[in-house]
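J.: Okay, predicted coordinates and the sequence, questions at the end:
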Amino acid sequence: MNLTYLPQFYVLSDNEQRNAFNGLIARYPNIELVDNILEQIRELVRILFPAETVGAENLKQCTEHYLNGVNLQEYGVWVYYPWLQKIVHTLSEADFIRVRTSRNMYKITAEEIEVLCQKKIGILGLSVGQSIALTMAMERTCGEIRLADFDAIELSNMNRLRCSLTDLGTNKAVIAARQIAELDPYIKVRCYPDGATVDNLDDFMLKEGKLDLLVEECDGIDMKILTRLKARAHRIPVVMDTNDTGMLDIERFDLEIDRPLLHGRLVELEQLPSVVLAEKLSNLTFPEKIKYLSDMIGMENVSEAMKRSLPEMNKTIVGWPQLASAVMLGGAMVTDVTRRILLGQLRSSGRFFVEFDDLISDDPDKDFCSPK
């Protein structure tokens, strides 16, 4: 399996990097060069002088003045994507971020963008988590994303995952990391293609700096519990989208160090010694998994369609039903909530719902949704 997901950077004003760049092209003569740097610089110039009316001729002059004699080939950064066999010429990091986030202003201020650039977010589970990761990257909610998923993309995943047929068989975390790199190579991404495990959770949450927030979207009941225990121990807030009935959980373990897991729905498990708990969770039967899942979510919060689906598991269907529309909504909700948590604008824990059946229906007497 090809696990390559990190782009390579070349600054041609540096002789050593120029030689490495030329060597790369010599080794792989079929590499495609994508160079629209002049258009990027012109956009940067317009952003730097927003109050001025810049016509075509003025823009050309302003661009030349901005370059100040620098050779265009040596300006900015050349980014090599090994999995695409393409090299893209782009702005240097600070200018790139400035242009990329310019349409966020002032919904997100320049000061807030700078704060978010320092934040580290972990996402466990890239079926639902892929939409979250890509939305965060687009909005630039953080400067570093850690992704964990052991699973490879299958054809049936494509009802909700953004990928192509050429990605089949590739690890889900790797695909998400590549997509982030193609969107913004300056966001630091680290992948855990073995998924979240008991052995690597500390590494995932703490290596090279503690996570500022964890997004938990695991399928396994055991990891849902164990990751929360670790997050609470390290005082890391957890956010989870269930992608059914628009349900979103926020657990502020950073502010409430004794907060019970999942709002007190798993008290019996929390009381077990860690060794006993790990053993119990690793040997759950399918009915036990359904029971704990029901305890976590609450059957009163499950959609009618999902209730009809549960008895059909391993009979007429082989996986949890998930829709692209619900997964994309989750990406939006988690990104919005995460940004506000990281900026100190949201301090609440709780369970919240954005249910389209409540918001948009044929019933004129239905109220807008509210926390249940």
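T.: Cool, the structure landed. Numbers count the residues shown, from 1 in each chain.
J.: what about the helices in the stretch 251-372 of the chain?
T.: Under the criterion DSSP state H, counting those that start in this stretch, the stretch 251-372 of the chain contains helices at 267-270, 274-282, 286-297, 304-309, 324-342, 356-359.
J.: what helices or strands is the fifth one leaning on?
T.: Pointing back at helix 324-342 there. helix 110-116, helix 129-139, strand 213-216, strand 238-241, strand 247-251 (3 or more Cβ pairs under 8 Å, 6 or more residues apart in numbering; DSSP states H and E). Heads up, the C-betas are built off the backbone N, CA and C, glycines and all.
J.: Same list (those) but as TSV, adding mean pLDDT and mean neighbour count.
T.: Converted to TSV, those look like this (pLDDT from 0 to 100; neighbours: other Cβ atoms under 10 Å):
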stretch	mean pLDDT	mean neighbour count
helix 110-116	96	15
helix 129-139	98	24
strand 213-216	98	24
strand 238-241	97	26
strand 247-251	97	22
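J.: Could you spell out which stretches of the chain belong to which domain?
T.: Structurally, the chain divides into domains by automatic domain parsing as follows: 8-100, 110-341.
J.: ranking the helices of the stretch 251-372 of the chain by burial, who's on top?
T.: Highest mean neighbour count among the helices of the stretch 251-372 of the chain (mean count of other Cβ atoms under 10 Å): helix 324-342, with a mean of 20.
J.: what about the helices in the stretch 1-150 of the chain?
T.: Using DSSP H, counting those that start in this stretch, the helices of the stretch 1-150 of the chain run over residues 15-27, 37-48, 56-67, 93-100, 110-116, 129-139.
J.: Could you list the buried residues of the first one?
T.: Going back to what we said before, that points to helix 15-27. 17-18, 21, 24 (16 or more other Cβ atoms under 10 Å).
J.: now, which of these sits nearest Y80?
T.: Taking Cβ to Cβ as the measure, Y80 lies nearest L24 of these, at 6.5 Å.
J.: Which positions are bridged to the nearest residue to the closest one once chain neighbours are set aside in the beta structure?
T.: Of all residues not flanking L24 in the chain, Y80 sits nearest, at 6.5 Å (Cβ to Cβ, 6 or more residues apart in numbering). With DSSP bridges as the criterion, Y80 is bridged to Q8, I87.
J.: how many other residues sit next to Y80?
T.: If you count neighbours by other Cβ atoms under 10 Å, Y80 ends up with 20.
J.: Now for it: which residues touch it?
T.: Y80 is in contact with 7-10, 24, 31, 86-87, counting by Cβ atoms under 8 Å, 6 or more residues apart in numbering.
J.: gap between the nearest residue to T242 once chain neighbours are set aside and T109?
T.: Counting by Cβ to Cβ, 6+ apart, I297 is the residue found nearest to T242 once chain neighbours are left out, at 6.4 Å. As defined by Cβ to Cβ, to the nearest Å, I297 lies at a distance of 37 Å from T109.
J.: This completes my enquiry, with thanks.
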